[in-house]
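Enquirer: give the three-dimensional model of this entry:
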Amino acid sequence: MKNITRIVPLLFLPFLLAAQNEKAVIDRVVATVGGEIILLSEVQEQFSYMKKDQPTLPDDYQCIVLQNLIVQKLLVNQAKLDSVEVKDEEVETQLNARIDRLMLYFNQDPKAIEEFYGQTIDQIKDQTRTDMRNQLLAERMQSEITAHATITPAEVQRFFRNIPADSLPYFNAEVEIREIVYKPKVNDAEKEKARKAIEELRTRIVDGGEDLATLARKYSDDPGSASNGGDLGWQKRGTFVPEFEAMAYKLEKNQVSPVVETEFGFHIIQLLERRGNLIHTRHILLKPAITDADMATAQAKLDTIRNLIVSNNLTFSEALKKYGDKNQASFNNDGRVANPRSGNTFFEVADLDTDIFFAIDGLNAGGISKPVEFRTQDGATNFRLVQLVSRSKPHKADLKLDYGKIQQAALDQKKAEFTEKWVLEKLRSTYMSIGDMYAPCPNLKEMLSHSNP
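Expert: Below you'll find the predicted structure:
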């Protein structure tokens, strides 16, 4: 049985959401696996999204899509039988992460999302919550199945030797980089100005009876929540920075906090509701202004740090720990920057941000750029030093040069074999049916031949 290699992911992307409006017209059950059903719309959504990236996919590839969905539903069904647990907090964390990506797609404008889909963010989350829980259940079940799949160096070599020479993948030029991110420091005068301004807003709310949400829309410097009245949605403990969270969990329902200072600026927080470790808050954030003088000071400071490293008075790692921004993901990875597309620390040159591309252009391995100015997702301006760790040339897969990638591919294949064996065994004791629409698919006929009639 082919193509049982991974869990089909929840396609939390524009097409999936747009397709929801068609469900009432096109939906019907096309397959049943244990206590789980698969709808025609699920198959069509998955297939349509894949076809956007691969326009030449034939229509009969829907047979493969349905096969993968059957595997996913089989895993979900078994996870429920085995009482595999997925906590509400985990589901909310994943939903929030996907909403964050959607917000990036719409330039941090929740109103634009609502206009495009005809749904609020909360409605979108409610609509996809069950799918997300099932996705996590399937992933957890598959992790249990493949937990003992390991790979030895001999198996990696055998895997590589079995790839025909004319089928070896071609790897583009890649670089690995490290960074030290440095945040400009706010001067005392601007900090005091921001503090006074937010104290005045709090007085207008607490003493004047004005609405925090209305003032947030007008004054808040948080681009992710201002247009939504400062609403931060439901979040679990550990989501916010310590100062914000410590205050939020002390509040009573609808209470407005004193002014709270965090690394982002000054906040007023209102608790809307609490359910155990989940809280629903809204806030106003005022950020002290960073002046041109503050920016110049920060750039000069980072240039000094670079000179200390280049002159061997400080190692890159020491400088990172002493001066780097601790909130950057790279901070806890010795400055190595992870590629969000692959999950590893190697970037094809085309995947690099433009400012990083030009910063390392011409550097040899180990070289360090001049301070580079860049904008963060929340609109702040920071600086960073970029070190070129390594640079490879375009080449065919080579066991020595690409051992890590080949090892992962070999392990993925072994996990796929574990999963396939488990699926075939589990089908013998699980009821499965395929509707007439997909009954002719050869791969699904094979699955049915293994299932419990």
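
Enquirer: from residue 46, how far out is residue 52?
Expert: For residue 52, the distance to residue 46 (CB to CB, to the nearest Å) stands at 11 Å. Any C-beta I mention is one placed from the backbone N, CA and C, and that applies to glycine too.

Enquirer: more neighbours: those two, which one.
Expert: More crowded of residue 52 and residue 46, by other CB atoms under 10 Å: residue 46, with 24 against 11.

Enquirer: in space, what's closest to that one - neighbours in sequence excluded?
Expert: Leaving aside its chain neighbours, residue 46 sits nearest to residue 65 (4.8 Å; criterion: CB to CB, 6 or more residues apart in numbering).

Enquirer: report all helices and strands that whichever helix or strand the one you found is part of contacts.
Expert: If you go by DSSP states H and E, residue 65 is part of helix 62-81. On a contact count with 3 or more CB pairs under 8 Å, 6 or more residues apart in numbering; DSSP states H and E, helix 62-81 meets strand 29-33, strand 36-39, helix 40-53, helix 121-145, helix 403-427, strand 432-434, helix 442-450.

Enquirer: out of the ones you listed, flag the one nearest residue 390.
Expert: Ranking these by proximity to residue 390 (CB to CB) places helix 403-427 first, at 12.2 Å.

Enquirer: touching the closest one from outside, list them.
Expert: Applying CB atoms under 8 Å, 6 or more residues apart in numbering, the external contacts of helix 403-427 come out as 1, 4-6, 71, 74, 78, 142, 145-146, 148-151, 155-156, 159-160, 171, 344, 397, 399, 447, 450-452.

Enquirer: ok, now stretch 326-335?
Expert: By CB under 8 Å, 6+ apart, the surrounding residues in contact with stretch 326-335 are 178-181, 263, 316-317, 320, 324-325, 336-338, 345, 387.

Enquirer: hmm, try it at 7 Å
Expert: If you take CB atoms under 7 Å, 6 or more residues apart in numbering as the criterion, stretch 326-335 is touched by 178-181, 316-317, 320, 324-325, 336-338.

Enquirer: number of nearby residues for the residue nearest to residue 146 when sequence neighbours are not counted?
Expert: Distances taken as CB to CB, 6+ apart place residue 415 nearest to residue 146, at 4.1 Å, with adjacent residues excluded. Other residues lying near residue 415 total 20 when counted by other CB under 10 Å.

Enquirer: residue 194 now?
Expert: 20.

Enquirer: so where do the strands sit in the chain?
Expert: In the chain, the segments counted as strands under DSSP state E are 29-33, 36-39, 170-171, 174-182, 231-236, 260-262, 265-275, 278-286, 346-348, 372-375, 381-391, 395-396, 432-434.

Enquirer: residue 360: which of these is closest?
Expert: Relative to residue 360, the nearest member of the strands of the chain by CB to CB is strand 381-391, separated by 4.6 Å.

Enquirer: in that closest one, what's buried?
Expert: Neighbour-count burial for strand 381-391, counted by 16 or more other CB atoms under 10 Å, picks out 382-389, 391.

Enquirer: residue closest to the middle of the chain?
Expert: The centroid of the chain falls nearest to residue 97 when counting by CA atoms, centre = their mean (5.5 Å).

Enquirer: distance of it from residue 90?
Expert: Relative to residue 90, residue 97 is positioned 11 Å away (CB to CB).

Enquirer: likewise residue 420?
Expert: Separation of residue 420 from residue 90 (CB to CB) stands at 27 Å.

Enquirer: any stretches of the protein with poor pLDDT?
Expert: For the chain, the stretches with pLDDT under 70 are 1-26, 378, 452-453.

Enquirer: for the closest residue to residue 371 other than its chain neighbours, what are its contacts?
Expert: Residue nearest to residue 371 in three dimensions, not counting chain neighbours: residue 302, with 4.2 Å by CB to CB, 6+ apart. Going by CB under 7 Å, 6+ apart, residue 302 touches 182, 371, 383, 385.

Enquirer: which among the residues you listed gets closest to residue 56?
Expert: Lowest distance from residue 56 to those (CB to CB) belongs to residue 385, with 44.2 Å.

Enquirer: ok, now which ones touch the closest one?
Expert: 179-180, 302, 305-306, 368-369, 371.

Enquirer: enumerate every residue touching the residue nearest to it when sequence neighbours are not counted.
Expert: With sequence-adjacent residues excluded and distances taken as CB to CB, 6+ apart, residue 385 is closest to residue 180, at 4.6 Å. By CB under 7 Å, 6+ apart, residue 180 lies in contact with 319-320, 323-324, 335, 384-385.

Enquirer: now residue 180: how far from residue 290?
Expert: To residue 290, residue 180 is 19 Å away according to CB to CB.

Enquirer: same check, this time on residue 437
Expert: Distance of residue 437 to residue 290, computed by CB to CB: 60 Å.

Enquirer: which one of the two is surrounded by more residues?
Expert: The residue with more neighbours, out of residue 437 and residue 290, is residue 290; 18 against 14, by other CB under 10 Å.

Enquirer: which phi and psi does the more buried one have?
Expert: Main-chain dihedrals, residue 290, degrees, to the nearest 10: phi -90, psi 120.

Enquirer: shouldn't it be in contact with residue 186?
Expert: Yes. Using CB atoms under 7 Å, residue 290 is in contact with residue 186, at 6.3 Å.

Enquirer: so which of the contacts of stretch 326-335 wins on neighbours?
Expert: Of all the contacts of stretch 326-335, the highest neighbour tally under other CB under 10 Å goes to residue 180, namely 28 neighbours.

Enquirer: and for residue 327, the neighbour number?
Expert: Neighbour tally, residue 327, other CB under 10 Å: 12.

Enquirer: make 292 the starting number, not 1.
Expert: Got it, the first residue is 292 from now on, which makes the last one we talked about residue 618.

Enquirer: where do the domain boundaries of this structure fall?
Expert: Domains of the chain are assigned by automatic domain parsing as 305-444+695-741, 462-476+582-687, 479-577.

Enquirer: end to end on the second one, go ahead and measure it.
Expert: The stretch domain 462-476+582-687 measures 6 Å between its terminal residues, going by CA to CA, to the nearest Å.
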